[in-house]
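[1] Any chance you could fold what I've pasted below:
(chains A, B, C and D)
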Protein chains: 2
Amino acid sequence: MNSRPAPNSNSRAPEEGKDNVTRLSEKREKILEGALRVFLAQGYSASMDAIAAEAGVAKQTVYSHFKDKHSLFSALIDRLLDHFVSAGLTADLLALDARSFIRKIAHITLSRMDDWEYVSLLRLIIGESGRFPELSELYVSHMVKPGIEKLAAYLRANEQVRFSDPEATARIIHGALINFVILQEVMHGKHAMPMSRERLINSIVDMVLFAGEQGKQSS
Amino acid sequence: MNSRPAPNSNSRAPEEGKDNVTRLSEKREKILEGALRVFLAQGYSASMDAIAAEAGVAKQTVYSHFKDKHSLFSALIDRLLDHFVSAGLTADLLALDARSFIRKIAHITLSRMDDWEYVSLLRLIIGESGRFPELSELYVSHMVKPGIEKLAAYLRANEQVRFSDPEATARIIHGALINFVILQEVMHGKHAMPMSRERLINSIVDMVLFAGEQGKQSS
DNA sequence: TGGATGCTAGACTAATCAGTATGATGTCTC
DNA sequence: GAGACATCATACTGATTAGTCTAGCATCCA
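    Below you'll find the predicted structure:
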């Protein structure tokens, strides 16, 4: 039986042991992975045909999992934001002394310069913040706000430093770091104005600790 | 004579006293102004028809002044960069004391938050830095680099402050300011995490002066 | 065995868009 | 007045695209 030559063999492997739901979400996963590569590389103007091809899936399948292009895009950005949020600052960091803490935070933030996905996501969210303001607001409220609040909470709680405005101080630190990522990687500025991460980190650490020290003396 | 009803009256006013060259560049100007509004509002995906309409000009006229869409876009970005570069920091600022100087720089930088054109340009250049890396590199080398260098030169020359790394310090100040613009305006974060410009500026000034003071003592 | 479901390849529609072509009008210069 | 030129409105070409439709295949379950 099944003597048919099956010219376009349906490439579905049986994979016994996986139930319907699993396989369903597997397709969804493949689509999101394809969409990730294509959207991050080409921006929102990427074509749905290209995404389906990259995902190794029929276009109709894309539309059976996602209502339209906008839904797929939003789902992808949501997922990516979740992914990067989870890699934030963890509880054990809070035990560090001020100098080590700030240095660690800075290293973590700047290490994302090497992550093509992160750099592309940053470019994409900023670039589409006109067309999709809800996505950039999601980025702000889910990634930036918690990060800055945790940093501010540390600055406020730590005995070694004292600032008149920990929130604003946290923003300065965060801004100096993220802007470095944007300038060097997103905007390809690393050739025109090279600078090592270590130099930036050293200056941030010095600056913050000097100011935190001064704040203690004057209180 | 001219009894023709002239249904689509050619809206060219005679404007005697203007020579050919002037009128030529007037059309070019109208096109660039239309392109400015449309590109900044819709991004590079804006249509040439929309630009011509916004400029009040026939599409063919656009193509007689600019080779293609890419050329028009590049010319526009060049022009905008020139425009904003000229509004940089002027010589008389250098005479100010450190506190006033930094405060002034910060105010000037943050005042651009109110400028829709500037905010949109920032979004556009970052967003298209994947497709048009040469434009973001132009932004870096023409706007960011000179600004940071002048700031670093002031920090190095001024007697009231001393830093182990003025270049890196300048980057921190610049990053804190620009990132505030990006977060609050470009990414619409001002509702999710409001903060007054004055708070940020005060913290930057305090931080820099404390650190600059400390640098003097330890030298 | 037979129906439901998820998938596939591919064709199709309707819209949009960059860029070109046409043909006419007004202005300037000689 | 004639030719050159800039511009105009409009139509067209060719390509791309989002989203739909069709028809068939494979797997699962009752």
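
[2] What's the mean pLDDT across stretch A:105-113?
    In this model, stretch A:105-113 has a mean pLDDT of 96.

[3] Please determine whether it lies in contact with chain B.
    No. Applying CB under 8 Å from any CB of the partner chain, one finds stretch A:105-113 separated from chain B by no less than 11.0 Å. Backbone N, C-alpha and C define where each C-beta goes, glycine included.

[4] how about that stretch: buried residues?
    Neighbour counts using 16 or more other CB atoms under 10 Å in any protein chain shown place A:105-106, A:109-110, A:112-113 of stretch A:105-113 among the buried residues.

[5] now do stretch A:128-140
    Neighbour-count burial for stretch A:128-140 flags A:128-130, A:132, A:135-140 (criterion: 16+ other CB under 10 Å).

[6] Which one of these is nearest to DNA strand C?
    Distance to DNA strand C across those (CB to the nearest atom of the strand) is lowest for A:G130, with 15.1 Å.

[7] Quick check: phi and psi at that closest one.
    Main-chain torsions, A:G130, degrees, to the nearest 10: phi -80, psi -50.

[8] So it is in contact with B:S120, correct?
    Yes. With contact defined as CB atoms under 8 Å, A:G130 counts as touching B:S120 (7.2 Å).

[9] who touches both of those two?
    Shared contacts of A:G130 and B:S120, defined by CB atoms under 8 Å, 6 or more residues apart in numbering or on different chains, comprise B:A41.

[10] about what we covered before: any chance of the buried residues of stretch A:105-113 in TSV, with distance to DNA strand D and secondary structure too?
    Below are those laid out as TSV (distance: CB to the nearest atom of the strand, whole Å; DSSP: H, G, I helix; E, B strand; the rest coil):
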residue	distance to DNA strand D	secondary structure
A:I105	39	helix
A:A106	39	helix
A:T109	33	helix
A:L110	34	helix
A:R112	28	helix
A:M113	30	helix
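
[11] nearest to B:L96, of those residues?
    Closest approach to B:L96 among those (CB to CB): A:A106, at 30.6 Å.

[12] so what's the closest one up against?
    Per CB under 8 Å, 6+ apart, neighbours of A:A106: A:173, A:177, A:197, A:200-201, A:204-205.

[13] By neighbour count, which of those wins?
    Tallying neighbours with other CB atoms under 10 Å in any protein chain shown puts A:L177 at the head of those, with 27 neighbours.

[14] picking that back up, filter the buried residues of stretch A:128-140 to keep only those in contact with chain B.
    Restricting the buried residues of stretch A:128-140 to contacts with chain B (CB under 8 Å from any CB) yields A:128-130, A:136-137, A:139-140.

[15] domains of chain A?
    Domain assignment for chain A by automatic domain parsing gives A:20-75, A:87-217.

[16] closest one to DNA strand C among the ones you listed?
    Across those, DNA strand C has its closest neighbour in domain A:20-75 (3.2 Å, CB to the nearest atom of the strand).

[17] Need the mean per-residue confidence for the closest one.
    The pLDDT scores in domain A:20-75 average 92.

[18] So what's the gap between that domain and the chain middle?
    19 Å (CA atoms, centre = their mean, to the nearest Å).

[19] Nearest to A:A58 among the contacts of A:A106?
    Nearest to A:A58 among those is A:L177, at 42.9 Å by CB to CB.
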